[in-house]
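Visitor: Quick one: sequence and predicted model below, then my questions.
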Amino acid sequence: MKPYYQDKWVTIYHGDCREILPQLDVKVDLVLTDPPYGIEMSKGFGGFGGFGEPIARKQYPDSWDKERPSQELFNLILACSLKSIIFGGNYFADILPQSTHWLVWDKMNTMPTFGDCELIWTNIKRKSVKKYTFEWNGLLGKENYRYHPTQKPLGLISLILADYSQVGDLILDPFLGSGTTCYCAKKLNRYSIGIEIEEKYCEIAAKRCCQEVMELI
């Protein structure tokens, strides 16, 4: 199986993670990923009778958040590591194992049409809830560049990686999107594997992670 992109720190595969994961046959130190939630965010906001129209609807096809992963796929993902961190955990609570250690991302939201927080499921053996406070007004997040409708802040992903992994660890993101997990892992001297089904996002992720770009940031 040939990677779409590879360097010393990052390996990116273009394809469906349901097909690629069984071929990897590798154990990683941490899974950190943001799957589609299956709530059809591309159809508009639920509040105020559908008030507003997300940026994603104008830029991306309506199918980007139409279907959530199955329990079988989650089982496949969780088998890759003893530690997994999954964004949007409340949307998968019926098919993921019970968690005693949740993460809460407080977005410091100032717009009533966006969620104030995001719940992040983990299977880490702690009995606590950890909160990250990082301003992010929905699709108007404070990043220099926004490539993907569900792109997460570099700062937030970096904090999570710093808290739950170590230098030299291998990180897996089977829903890579525009490559934020691999980008942050490389900046923090962690190895990473990313899988993305859309080739345009593979290309963006590869460009973000290439050494020439990393050296400029």
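Guide: Alright, I've got the coordinates. Numbers count the residues shown, from 1 in each chain.
Visitor: When you work out contacts or count neighbours from here on, use the C-alpha atoms and nothing else.
Guide: Noted.
Visitor: low pLDDT regions in the chain?
Guide: 40-65, 110-114, 137-145, 211-217 (pLDDT under 70).
Visitor: Any idea which residue is closest to the centre of it?
Guide: D34 (3.0 Å; C-alpha atoms, centre = their mean).
Visitor: Could you pull out the strands in this structure for me?
Guide: For the chain, applying DSSP state E gives strands covering 5-6, 10-14, 30-33, 84-87, 101-106, 117-122, 128-133, 170-173, 191-196.
Visitor: Please tabulate those in TSV and include distance to A185 and mean neighbour count as additional columns.
Guide: What follows is those, written out as TSV (distance: least, C-alpha to C-alpha, whole Å; neighbours: other C-alpha atoms under 10 Å):
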stretch	distance to A185	mean neighbour count
strand 5-6	14	17
strand 10-14	8	22
strand 30-33	10	24
strand 84-87	14	23
strand 101-106	19	19
strand 117-122	18	20
strand 128-133	18	12
strand 170-173	7	25
strand 191-196	6	25
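Visitor: got those strands as a markdown table, with distance to Q71 columns?
Guide: Formatted as a markdown table, the strands of the chain follow (distance: least, C-alpha to C-alpha, whole Å):
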| stretch | distance to Q71 |
| --- | --- |
| strand 5-6 | 29 |
| strand 10-14 | 22 |
| strand 30-33 | 15 |
| strand 84-87 | 13 |
| strand 101-106 | 19 |
| strand 117-122 | 14 |
| strand 128-133 | 24 |
| strand 170-173 | 17 |
| strand 191-196 | 18 |
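Visitor: which residue ranges form the helices in the chain?
Guide: Taking DSSP state H to define them, one finds helices in the chain at 17-24, 55-59, 71-78, 154-164, 180-187, 199-209, 211-216.
Visitor: Mind checking the ones you listed for the one nearest to L170?
Guide: Nearest of the helices of the chain to L170, taken as C-alpha to C-alpha: helix 180-187 at 8.7 Å.
Visitor: in that closest one, what's buried?
Guide: Within helix 180-187, the residues that count as buried by 16 or more other C-alpha atoms under 10 Å are T180, T181, C182, Y183, C184, A185, K186.
Visitor: distance between that helix and the chain's centre?
Guide: 11 Å (C-alpha atoms, centre = their mean, to the nearest Å).
Visitor: Any chance you could list what contacts that helix?
Guide: If you take C-alpha atoms under 8 Å, 6 or more residues apart in numbering as the criterion, helix 180-187 is touched by 9-10, 32-33, 151-154, 157-158, 161, 171, 173, 176, 191-194, 205, 208-209, 214.
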